[in-house]
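>>> Following is a predicted model, sequence given first.
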Amino acid sequence: MITFILNNQLVKTSAASGIALLDFIRKEKQLKGSKLVCKEGECGACSILVGELTEDGVFYQSMTSCITPLVNAQGKHIVTIEGLNMETLSPVQKAMVDAYGTQCGFCTPGFVVSLSGYLLANETVSTAGIIGAIDGNICRCTGYKSIERAAENIIAQVQQDLSKISIDRLVAEKYIPTYFKNIPERLLAIQPIETTTNGTVKLGGGTDLYVQRPVAMYETEAMPIYDRSAMKGIEIKDGFCTFGAAETMGSLYRSELFKKALPDSDYIFKLLSSTQIRNMATIGGNLVNASPIGDFTILLLALDSTLILEKDGNRRSLALKEFYKGYKQIDLNGGEVLEKIRFKLPSNLTKFHFEKVSQRKYFDIASVNFASKFELKDGLIQDIHLAVGGVGPIPTYLHKTSAFLTGKILTEVLIKAAISTLYTEIAPISDARGSADYKRLLARQLFIAQFLAIEQADLVFEKIIISV
Ligand SMILES: Cc1cc2nc3c(=O)[nH]c(=O)nc-3n(C[C@H](O)[C@H](O)[C@H](O)COP(=O)(O)OP(=O)(O)OC[C@H]3O[C@@H](n4cnc5c(N)ncnc54)[C@H](O)[C@@H]3O)c2cc1C
Ligand code: FES
Ligand code: FES
């Protein structure tokens, strides 16, 4: 039995736990406002809000319901566009109408949900922030400018209406319906959110599983781990950052603690999928999925991370660079789960850099991605770790290139010399994301870019001019 609150209604259902939340909402509950378009998390037409009880009240996040497993709704408040409707248009809906932000209207419920979700999730708001919140919503009619104007107008209106954003103030100014005020106590009555089943397919946010094999997932009783408390949390201790594999890209993005551990994270996170997908995508799923172009996988390889794998209370540690054995083959025994990930905190000598090239700059998977971490003292490279994705059957840790550079003075000549070693470690193939030659060239350019980013006055390192 899965129990949750759908808008203002308590739901207790014995529907198959593997069905997509969107199918439950549209077919079982006949709420047709959330639209079904791509069914792959790409367009945002099915966006909903997922509210989770925290110590400070209910925290709402937008997600794409077409690839959200029903079981992940357990103990939460699910809000569709119907749950935001009131007798009159909310200021968000009115702003969309006034700025001509809606034409055919198919994308509009998703946009309104994402825009409203931004107000629910943030105490302080900005135009850049609200526009970021609709980075996973696609519109084929308006050309976006009118939607951006609507978003700007919402921020101006909010700043005029509300001195401080809170559920009470949003209700008072009719941004959301009154029933939102009672949701915390109603959620408390249906805790916990953590569920156990007899399923064997480990299920995080479902963003890979529900795209790769949606039909099979509908019929599968999965082992839900998205809400497993043992796989949550971020800890900075004894020079290391340790975090749970069920933390999502979104939860790490919001964590001030994690930002201290991952230099340049604001820039990096914006290159990873969309707000909705980041809110669902666990780091465990990114690593275990073993995609050769997983962004977090490449980041964590360059951070020389260690995995903590758990089965029946027994744990073993394994270097991430030893985890991948062949295409989609990993060192994970039956029944074992990836529980935690650990990496060394950067020192003031540490240089860390991430680059991603995809067909679109934002909201796309990489053609090639590249990350590096090393220490630089008096121009000398130490403790260097390089990782590249999209150029082989597995996410590639560059053992030989890292060894070649270790202990040497960083110069332009050295980097050029290292390229021939780099070429011995990659074997790209031609596919929809580019030809083998293009990807080899990208790997080379992104390798060079790792060092161009260093701004150090005493470093003798001219900008490399690349000839193709
Ligand atoms: C629209 C869209 C955009 C995307 N954009 C990006 C992008 O920009 N960059 C990127 O890197 N990825 C991207 N992805 C891919 C995906 O979101 C990530 O790989 C994500 O991190 C997967 O996590 P999940 O929790 O959703 O995995 P799930 O689908 O739940 O699981 C994936 C696999 O991991 C296993 N698994 C999950 N957690 C564990 C665990 N703790 N222990 C053992 N096994 C486990 C599952 O059994 C399954 O085999 C995108 C996906 C979509 C749909
Ligand atoms: S239908 Fe496109 S994201 Fe869900
Ligand atoms: S208004 Fe038609 S898709 Fe956005």
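That came in fine, so what should we check first? On a predicted model such as this, the values are computed, not experimentally measured, just so you know. Ligands and ions are numbered 1, 2, ... in the order given.
>>> After the strand or helix carrying Gly129, which helix or strand is next?
Gly129 is part of helix 127-132, with elements assigned from DSSP states H and E. Past helix 127-132, further along toward the C-terminus, the next helix or strand under DSSP H and E is helix 145-161.
>>> tell me which residues in that following helix are buried?
By neighbour count, and taking 16 or more other Cβ atoms under 10 Å as the criterion, the buried residues in helix 145-161 are Ser146, Ile147, Glu148, Arg149, Ala150, Ala151, Asn153, Ile154, Ile155, Gln157, Val158. Where you see a C-beta, it was placed from the backbone N, CA and C, and this is true even at glycine.
>>> do that helix and ligand 3 meet?
No - where contact is defined by Cβ under 6 Å from any ligand atom, no part of helix 145-161 touches ligand 3; the two come within 8.0 Å at best.
>>> Dump that helix to CSV, keeping only the CA atoms.
Extracted in CSV, the C-alpha atoms of helix 145-161 (Å, rounded to 0.1, in the frame of the first residue of the first chain):
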residue,chain,number,x,y,z
LYS,A,145,10.7,35.5,-24.5
SER,A,146,7.1,36.0,-23.4
ILE,A,147,7.6,33.3,-20.7
GLU,A,148,10.8,35.0,-19.5
ARG,A,149,8.8,38.3,-19.3
ALA,A,150,6.1,36.5,-17.2
ALA,A,151,8.9,35.2,-14.9
GLU,A,152,10.4,38.6,-14.5
ASN,A,153,6.9,40.0,-13.7
ILE,A,154,6.3,37.3,-11.1
ILE,A,155,9.5,38.3,-9.3
ALA,A,156,8.5,42.0,-9.4
GLN,A,157,5.0,41.1,-8.1
VAL,A,158,6.4,38.9,-5.3
GLN,A,159,8.8,41.5,-4.2
GLN,A,160,5.9,44.0,-4.0
ASP,A,161,3.4,41.6,-2.3
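>>> for that helix, packing partners?
In this structure, helix 145-161 packs against helix 91-98, helix 108-121, helix 127-132, with contacts taken as 3 or more Cβ pairs under 8 Å, 6 or more residues apart in numbering; DSSP states H and E.
>>> Out of the ones you listed, which gets nearest to Gln382?
Taking Cβ to Cβ as the measure, these were each checked against Gln382, and helix 127-132 came out nearest at 36.8 Å.
>>> where's that closest one relative to the chain centroid, distance-wise?
Shown here is helix 127-132, whose average C-alpha point lies 17 Å from the average C-alpha point of the whole chain (Cα atoms, centre = their mean, to the nearest Å).
>>> Repeat that for stretch 263-272.
The chain centroid and the centroid of stretch 263-272 are separated by 11 Å under Cα atoms, centre = their mean.
>>> do stretch 234-251 as well
Taking the mean of its C-alpha atoms, stretch 234-251 sits 14 Å from the chain's own mean (Cα atoms, centre = their mean).
>>> tell me which residues of that stretch are tucked away?
Going through stretch 234-251 with 16+ other Cβ under 10 Å, the ones that come out buried are Ile234, Cys241, Thr242, Phe243, Gly244, Ala245, Ala246, Glu247, Thr248, Met249, Gly250, Ser251.
>>> can you tell me the average pLDDT over that stretch?
When pLDDT is averaged over stretch 234-251, the result is 97.
>>> cool, stretch 263-277 as well?
Averaged over stretch 263-277, pLDDT sits at 91.
>>> How about that stretch and ligand 1, any contact?
Yes - counting by Cβ under 6 Å from any ligand atom, ligand 1 has neighbours in stretch 263-277: Leu272, Ser273, Ile277.
>>> so who does the second one touch?
Put plainly, it is Ser273. For Ser273, the contact set (Cβ atoms under 8 Å, 6 or more residues apart in numbering) comprises Gly136, Thr207, Met249, Ala281, Phe363.
>>> restrict the residues you listed to those near ligand 1?
Thr207, Ala281.
>>> The closest residue to Ser274 other than its chain neighbours and ligand 2, how far apart?
With Cβ to Cβ, 6 or more residues apart in numbering as the measure, Gly136 is the residue that lies nearest to Ser274, at 2.8 Å, once sequence neighbours are left out. Look at Gly136 and ligand 2: by Cβ to the nearest ligand atom, to the nearest Å, they are 7 Å apart.
>>> on that earlier part again, pLDDT check: weakest of the contacts of Ser273?
For these, the model is least confident at Phe363; its pLDDT is 80.
>>> Buried ones in stretch 339-346, by neighbour count?
So, applying 16+ other Cβ under 10 Å, buried residues of stretch 339-346: Glu339, Lys340, Ile341, Arg342, Phe343, Lys344, Pro346.
>>> so which helix or strand takes in the fifth one?
Phe343 is located in strand 337-344, with elements delineated by DSSP H and E.
>>> Against which helices or strands is that strand packed?
Contacts defined by 3+ Cβ pairs under 8 Å, 6+ apart place strand 337-344 against strand 240-244, helix 283-288, strand 306-311.
>>> Does the first one reach ligand 1?
No - Strand 240-244 stays out of contact with ligand 1 when judged by Cβ under 6 Å from any ligand atom, the minimum separation being 8.6 Å.
>>> What strands line up against that strand, and which way round?
Next to strand 240-244 in the sheet, as set by DSSP bridges, lie strand 234-237 (antiparallel), strand 337-344 (antiparallel).
>>> before we move on, the earlier item: between the buried residues of stretch 339-346, which is nearest Ile426?
Using Cβ to Cβ, the shortest approach to Ile426 within the buried residues of stretch 339-346 belongs to Phe343, at 23.6 Å.
>>> who does the closest one bridge with?
Cys241.
>>> coming back round to it: pull out the buried residues from the helix holding Gly129.
Ile130, Ile131, Gly132.
>>> burial measure for Phe319, as a count.
Check again: residue 319 is Ala, not Phe. Neighbour count of Ala319, defined by other Cβ atoms under 10 Å: 12.
>>> Name the surrounding residues that touch stretch 325-344.
Residues from elsewhere that reach stretch 325-344 (Cβ under 8 Å, 6+ apart): 200, 202, 225, 230-231, 239-245, 261, 283-284, 287-288, 290, 292, 300, 303-312, 315, 318, 320, 322-324, 393-394.
>>> distance of the residue in the stretch 101-250 of the chain positioned nearest to ligand 1 from Gly233?
Of all residues in the stretch 101-250 of the chain, the one sitting closest to ligand 1 is Gly204 (2.4 Å; Cβ to the nearest ligand atom). For Gly204, the distance to Gly233 equals 16 Å [Cβ to Cβ, to the nearest Å].
>>> With Asn122 instead?
Relative to Gly233, and taking Cβ to Cβ, Asn122 is found at 23 Å.
>>> what does Val112 give?
Plainly put, Val112 is 33 Å away from Gly233 if you go by Cβ to Cβ.
>>> Give me the more crowded residue out of the two.
It is Val112, of Val112 and Gly233, that has more neighbours when counted by other Cβ under 10 Å, with 26 against 14.
>>> rewinding a little: nearest to ligand 3, of the buried residues of stretch 234-251?
For the buried residues of stretch 234-251, the residue nearest ligand 3 by Cβ to the nearest ligand atom is Gly250; the value is 24.3 Å.
>>> so where does the closest one fall, helix or strand?
Assigned by DSSP H and E, Gly250 belongs to helix 249-254.
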